[in-house]
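1. give me a 3D structure for the following:
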Amino acid sequence: MGKVSQKKLRSLLAQVKLLALDVDGVLTDAGLYYSDSGEELKKFNAKDGMGLKLLMEAGIEVAIVTASSSTATIHRAKKLGIVHAFIGVEDKLATLKQLCEQLNISLSQVAYVGDDVNDLPIMEVVGCPMTVADAIEENQKQAIYVSKIGGGQGAVREICDRIIKAYSQSNNS
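-> Okay, here's the model as predicted:
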């Protein structure tokens, strides 16, 4: 899809019913930490968490779809009240399509944020493909919006704020 005008971006964001997110490189800085026992640890950004809570309060569904099987993601999702969290997913697009069918939401009403090659199949079919500032070039070319800051540093908060603003402006006009 690629870049669109600010007016078109606001229009597309106002139609979003589901924000789906990758984890590593989007909700985290893509760094992986390991304990002495081999447990994988991730660092999530509290500002992203607040943004996701505000988005859900606005009535927009949130989902996490990741290839990683780290249970840290499930713990973070539970802490934020995100009920649609899928880890260890090999075919992210199939999982997203199934969730959309369950929620009665079309792919055109989905905003997806992904930073790497395994996110491209979803970004090619959703209404609002988005990415973070430090994503690979292919994702940046496919995205209608690239955050000003990198993954795990508040980029998801930035995107949540844009969706909420577009949604509230649309409902107040």
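2. CA only for contacts and neighbour counts going forward, please
-> Fine.
3. would you confirm that I136 contacts N118?
-> No - I136 is beyond contact range of N118, at 11.0 Å (criterion: C-alpha atoms under 8 Å).
4. look at those two and report which has more neighbours.
-> A count of neighbours by other C-alpha atoms under 10 Å puts N118 above the other of I136 and N118, at 17 against 14.
5. quick one: low-confidence parts of this protein?
-> 1, 173 (pLDDT under 70).
6. where do the strands of this protein begin and end?
-> Using DSSP state E, the strands of the chain run over residues 18-21, 33-34, 40-41, 61-65, 84-86, 110-113, 128-131, 145-146.
7. packing partners for the longest helix along the chain?
-> Determined from DSSP state H, the single longest helix within the chain is helix 155-172. Counting contacts by 3 or more C-alpha pairs under 8 Å, 6 or more residues apart in numbering; DSSP states H and E, helix 155-172 is packed against helix 6-14, helix 46-57.
8. run a quick neighbour tally on E101.
-> Neighbourhood size, E101 [other C-alpha under 10 Å]: 12.
9. what's the answer for the one 3 residues further on, then?
-> Neighbour count for N104, taken as other C-alpha under 10 Å: 10.
10. same check, this time on V4
-> Count around V4 with other C-alpha under 10 Å applied: 13.
11. likewise for the one 3 residues further on?
-> Around K7 sit 10 other residues, with neighbours defined as other C-alpha under 10 Å.
12. ditto for the one 3 residues further on
-> R10: 18 surrounding residues under other C-alpha under 10 Å.
13. same deal with S106?
-> The tally of other residues near S106 (other C-alpha under 10 Å) stands at 16.
14. roughly how far apart are the residue sitting nearest the centre point of the chain and G2?
-> Most central in the chain under C-alpha atoms, centre = their mean is L21, positioned 2.5 Å from the mean C-alpha point. Per C-alpha to C-alpha, to the nearest Å, L21 is found 18 Å from G2.
15. which residues touch I149?
-> Each residue near I149 by C-alpha atoms under 8 Å, 6 or more residues apart in numbering is listed here: V132, A133, D134, A155.
16. would CSV of those with neighbour count and distance to L52 be doable?
-> Converted to CSV, the contacts of I149 look like this (neighbours: other C-alpha atoms under 10 Å; distance: C-alpha to C-alpha, whole Å):
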residue, neighbour count, distance to L52
V132, 29, 16
A133, 18, 19
D134, 19, 20
A155, 26, 11
